[in-house]
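S.K.: whatever this is, show me its structure:
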Amino acid sequence: MAKQGIKESEAKIDEIIAKIPSEKQQYYVGKAYEESLKAAKELSESLAAKTDQEKLNLKVQEHILFKEFDKLVAEIDGVNLDNDQKTIIKNSLQKSINSQIYLNTMKAMEAAANARFTEENMRTIQGQLDLWAAQAENWKGQRENVLKQIEVQIEQWNKENKFTEKKLDMEQTRLIADIILRSLESVQKIGQIVGTAIIK
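M.R.: As a prediction, the model looks like this:
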C-alpha cells in the first residue's frame, strides 16, 4: 500500500539521513528531500489536467519535480560516504517519492471516477501500478499503445466493480488512463535521474 509505504519509508529515511557524518550535509540532503516531496505532491495535484492551461501547468510541475530531484541526487553524491551507501540513500528516497506519487495518483483516480476505493481495491491498483512501472522502460515511442492497454485494464476494473459499483463513461476512462500514464512517466523519469530504470 502506498500510504503504508510512505510511513515506513519516512521512518527509514530519518534513520538513513542521520547516518550522514556531517550535520551540514544531513541538513542539505533533508531539505532537498523535502523540496522533492513537495514538488511530487504539487505534480500529483495536476495529474488530471484536461484543458491546455492545465496541461501546461502539469509540464511546469514535472519540470520542477525533476529539477528538485536532480538537486537531491547531487546533494547525496556530495556526502562523505562510499558509493554503496550513497546508492542506498538514493534508492530509499526514490521509493518514498514514488509512494507519494502513487498515493496521489489513486486520489486523482477517485476524483475522476467520482468513486471511493476500498483498501482491497487500492492494493490491487497499487500492484498494477508497480507492474506497469517495472515495464515502463520498454515503452519508448509507444505512448498511444500503452494508453490503450491502460484503458483496457480500467474497463476491466470497472466490470469488477473496483470503482465501488460506480460505472465509468468513456471520458472518465480516458482521463483515468491519462492520470496513470502521467504518473508512471514521472516515476520512470525519477528512476532515470537516479541512474536505474526501477527500484524494487
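
S.K.: the residue most central in space within the chain: what's it in contact with?
M.R.: Nearest to the mean C-alpha position of the chain, by CA atoms, centre = their mean, lies I101 at 3.1 Å. Contacts here follow CB atoms under 8 Å, 6 or more residues apart in numbering; on that basis I101 touches 40, 43-44, 183, 186-187. Glycine gets a C-beta too; all of them are placed from N, C-alpha and C.

S.K.: cool, and L47?
M.R.: 58, 104-105, 108, 178-179, 182-183.

S.K.: scan this structure for its longest helix.
M.R.: helix 83-113 (DSSP state H).

S.K.: average pLDDT for that one?
M.R.: Averaged over helix 83-113, pLDDT sits at 88.

S.K.: so how far is it off the chain centroid?
M.R.: 4 Å (CA atoms, centre = their mean, to the nearest Å).

S.K.: just the helices in this protein please.
M.R.: Using DSSP H, helices in the chain cover 2-18, 23-44, 52-77, 83-113, 119-135, 143-159, 170-194.

S.K.: rank those helices by pLDDT, which is bottom?
M.R.: Across the helices of the chain, helix 2-18 gives the lowest mean pLDDT, at a mean of 70.

S.K.: residues near D178, how many?
M.R.: Neighbours of D178 under the rule other CB atoms under 10 Å: 21.

S.K.: 133 is where my numbering starts, stick with that
M.R.: Taking 133 as the first residue, the last one we looked at is D310.
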